Each structure stands twice: as C-alpha cells, then as structure tokens.
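>>> Okay, sequence plus prediction incoming.
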Amino acid sequence: MLSPGLHRGIHRSHRNAQKIAPALAAGNAIVLKPASWSPLVCLAFARIVEAAGLPPGIFSTLPGAGSIVGDRLVTHPAIKKVSFTGGTEVGRGIARKASEKLMPVSLELGGKSPTIVFADADIDLAIAGVLFGIFSSTGQSCIAGSRLFIERRIYDSFVARLVAAAKALRIGHSFDKTTQVAPLIHADHRDAVEAHIRRAREDGAEILAGGNRPEGRTFEQGVFFEPTILAGLDNTSRLCRDEVFGPVLAVLPFDDETDVIAQGNDNAYGLACGIYTRDFAKAWRVGRAIDAGTVWINTYKQFSIATPFGGVKDSGLGRGERTRRYSRLDGAKVSLCRHERRAASLGEVKMTEAQSQDKPDVLLDVRLRRIGWEADGVLALEFSAVDGGDLPPFEPGAHVDLHLGDGLLRQYSALRRSG
C-alpha cells in the first residue's frame, strides 16, 4: 500500500513525464512548478494530462518566480516531497528549507560532465557522440558533456575533425526541421554564456570554433549563439570548473587511464560521463572509477525509463523515476484483539479502542515481511517481531489495523503469522 500525499516537481522538457508518471502511480497529487523562463512546455503537458481524463486536482501546473511560488510550495505543510531539477545553489536552498519540516527531497542539479575518447575509439562514432553530447539542446542540459578529454596521440587529428564538424552544424529556428543548434532560452542567459567565454580568454583559452553570435538577417530575431570549442585551458581553469549551461566545449589531452580518471574526477560535480573505446574492459574500469551517477559507453544521452537517474557530489541527491521514491512507509502497528472494538476517528495517530477495559488491545512492534492476495481472495500479511521474539497467539480472522504513510488506515480480516 502506498501513502498518499502531494508531490511537487520542477522539471524541464521531457523530464516532466519521467518524474510525474511514477509519482502518480504511487498515489500522489502533483503540483508542477516550471522553470521561470520555460513554462510553455509544462503548460502544454498539463493540457495533455487534462485531455487524458485525469481527475481535477490530481495534477496542477503553477508557473511563477521560484523565489515566490517555489518557496511557498517547498514550505507549505501539505507538500510531502520535492523533486527539483535545476542549479546547485537553488537546490541547496530547497534542501535547507525542506530540512525545517523534515521533508525528503530529490535533487537533480548541475554538472560538468567529462567525455573521454581513447585512441582505439570508433572516431566517426565518437565525433557524432561528442557533438550531440554538448550541442544538442544548445548545451542547456545538466548532463551536457562540456569537458572533452582526448588521448594525446590522437588529440590533434581528432580536434581538427571535431572543429570542422562543429562549424558545419546548422544554426536556426527551433521549428525548422533542418536546425541542429537552436537559440538559447533567454537574452540574459546568452549574456552569461558570453561572460564565461570572456573569462576563459582571460585564462588563456584559444577559441577553435564559434565564440560569437551568428550574423545575418536570419539571426536578428532570436537569442542565437555559435557552437563553441576552446583549447589551451587547464582542467583547473574556471571554464572547466563552472557549469556554463550553453554550447561551449573545452578540449583537453590526457596520457593514460590513471591521468584521465584523475582529471575527470577533479571537479565538484558528478552527474554523467561518456566513454568512447573499442576495449570493453577498459571502458568498464574507467567507468567504475569515474565519480558520476550515469556513465555511457560509446553513446551519450541515451536513457531508459526503467533506469534511475541522479548525480553525486554537487550534482544532486537521490535517484528519481522509481515509484518507491514517491511513496513512504512510516511503519506498521498491529492491534490484535478477540473482542468487538471500534476504530478511533481519523487523526494524526491511528489507534484502536477496546470496548472492555479488562481486554485491552495488544500493541506490537513488528516488521511487515510480505503482503499479497491469497487464492481465496483474502489479503494475507506476514509479520515478524522486530526484536526477534515470538508473536503472541491470536485467533484466525483477528482484525488488523495498519497505519501506513500519512494517516492512511485500512482494516483487513486475515493475518498470517511468521517467525
């Protein structure tokens, strides 16, 4: 049995359905708070949900400023869990507010993910994967592969091919099917991306591709920016430390597995990693050694709805997309009695009152081991004593009150003894 409650999700684009579906399956009502700059896709999603026939009030979308709407939702007593996708500093603020009410949170935060290309890789596949990993969504992705490590003996030739391919990408309107790099989300965000590039130049970066706003009448209406590749930076530089959240890639050489593992892990973030090699054993060794929630081998941004997603270090807390992440079992208390009894009115605590004082209820500290339907249609529950002792004797058909989650009370008439 799943506990009811309200769940709030803050998501971008396709992440909506991946988090909302298991939350609904767990029996929650949901309030979706879109990012302030991108509410339209969430509102379109809400119309789809409404058209599908979901009862009113189960799913709601509430656009607005995070400092106003977001804060009110996080601190509201009816909200029982928050699942947040966004920046690390905002995530920390949500965690602090959630701690005041001891509320669980799932935080999918920033990233500075490494992509690793070994000399034995399929070069065509690796170039396509690197371009997709950083320039799809115009780099506005928490998992963007924004640090590229290339084995030194193929560094020059690989970079030359990569730069040529990046310059050939088609920049255009989002609704144009031929577009490969669309506009950024907001003019203020483009200003922030340009500030990162200015700082990189100050740190000695060489711009191999892009770095500017594209010119021409096509680009006068829209927040466009060229796919950008920079070289000549150390892994400790600001560009290799800070999340740009834009179409900006830093390329760096490495010597061997030990070197690239050290450089890949030398970062505050740990969200994702891509590895390109024909040597599966090597990919497995490096993938296990990299501090990241997700590691792709010879691909990038490939997801399965059945796979939990999340990061380590400053990239987040918890794993999403599982029904159990949106349910809560507070504990089970069993009341066994051989006489008529009445249940107390619903409240914060669920107890059972005995009608006769000389036959009080037996309150046990037990662990629920199994719950399932029997062949005769009776729901059977198996319990064992938490302290390892035996459960006291009771008659078949004894009434059982279960307190699960947020005050959800159900009475069953069958109990199977275990232990």
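Perfect, thanks for sending it.
>>> quick one: G111 and G274 touch, right?
No - with contact defined as C-beta atoms under 8 Å, G111 does not reach G274; the gap is 11.9 Å. All C-beta spots, glycine's among them, are computed from the backbone N, C-alpha and C.
>>> check contacts around the closest residue to C240 other than its chain neighbours.
Closest residue to C240 apart from its sequence neighbours, by C-beta to C-beta, 6 or more residues apart in numbering: A250 at 5.3 Å. Neighbour list for A250: S146, R147, L148, A200, A205, L230, A231, L233, S237, L239, C240 [criterion: C-beta atoms under 8 Å, 6 or more residues apart in numbering].
>>> Could you do A187 as well?
A187 is in contact with V223, counting by C-beta under 8 Å, 6+ apart.
>>> any idea how far it lies from T179?
19 Å (C-beta to C-beta, to the nearest Å).
>>> Now for A160, how many residues are close by?
A160 is flanked by 11 other residues according to other C-beta atoms under 10 Å.
>>> and what of G210?
Counted with other C-beta under 10 Å, residues neighbouring G210 total 24.
>>> give me every residue that touches it.
Counting by C-beta under 8 Å, 6+ apart, G210 has contacts A166, K167, F225, E226, P227, T228, I229, P247.
>>> Isn't the second one up against G211?
No - with contacts defined as C-beta under 8 Å, K167 does not count as touching G211, sitting 11.5 Å away.
>>> Quick check on those two: which one has the bigger neighbour count.
When neighbours are counted by other C-beta under 10 Å, G211 comes out ahead of the other of K167 and G211, with 19 against 13.
>>> Now do the residue nearest to A17 when sequence neighbours are not counted, the pLDDT please.
Excluding its sequence neighbours, the residue lying closest to A17 (C-beta to C-beta, 6+ apart) is F45, at 7.3 Å. For F45, the model assigns a pLDDT of 90.
>>> quick one: what helix or strand has F45 in it?
helix 40-51 (DSSP states H and E).
>>> Next up, the contacts around G145.
By C-beta under 8 Å, 6+ apart, G145 lies in contact with S113, P114, T115, V130, G133, I134, L249, A272, G274, Y300.
>>> if I read this right, the first one contacts A144, doesn't it?
Yes - in this structure, S113 is within contact of A144 by C-beta under 8 Å, at 6.6 Å.
>>> between these two, what contacts are shared?
Residues touching both S113 and A144 (C-beta under 8 Å, 6+ apart) are G133.
>>> Which one's more surrounded, those two?
Neighbour count, other C-beta under 10 Å: between S113 and A144, S113 has more, with 32 against 29.
>>> Please tell me how far that one sits from M103.
According to C-beta to C-beta, S113 and M103 sit 29 Å apart.
>>> what's the answer for E243, then?
Using C-beta to C-beta, we find E243 at a distance of 26 Å from M103.
>>> Looking at these two, which has the bigger crowd around it?
Neighbours were counted for E243 and for M103 using other C-beta under 10 Å; E243 has more, 21 against 17.
>>> Is I127 in contact with F158, as I believe?
Yes - in terms of C-beta under 8 Å, I127 counts as a neighbour of F158; the distance is 7.5 Å.
>>> who's more crowded, those two?
F158 (22 against 19).
>>> CA atoms only: put the helix or strand harbouring the more buried one into CSV for me.
Per DSSP H and E: F158 is located in helix 155-167. What follows is helix 155-167, C-alpha atoms only, in CSV (Å, rounded to 0.1, in the frame of the first residue of the first chain):
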residue,chain,number,x,y,z
TYR,A,155,44.4,14.7,-29.9
ASP,A,156,45.4,16.9,-32.9
SER,A,157,43.7,14.9,-35.6
PHE,A,158,40.5,14.4,-33.5
VAL,A,159,40.3,18.1,-32.6
ALA,A,160,40.7,19.1,-36.3
ARG,A,161,37.8,16.8,-37.4
LEU,A,162,35.7,17.9,-34.4
VAL,A,163,36.2,21.6,-35.1
ALA,A,164,35.3,21.2,-38.8
ALA,A,165,32.1,19.2,-37.8
ALA,A,166,31.1,21.9,-35.2
LYS,A,167,31.5,24.7,-37.8
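>>> Please identify the buried residues of that helix?
Residues of helix 155-167 classed as buried by neighbour count (16 or more other C-beta atoms under 10 Å): Y155, F158, V159, L162, V163, A165, A166.
>>> Many thanks, have a good one.
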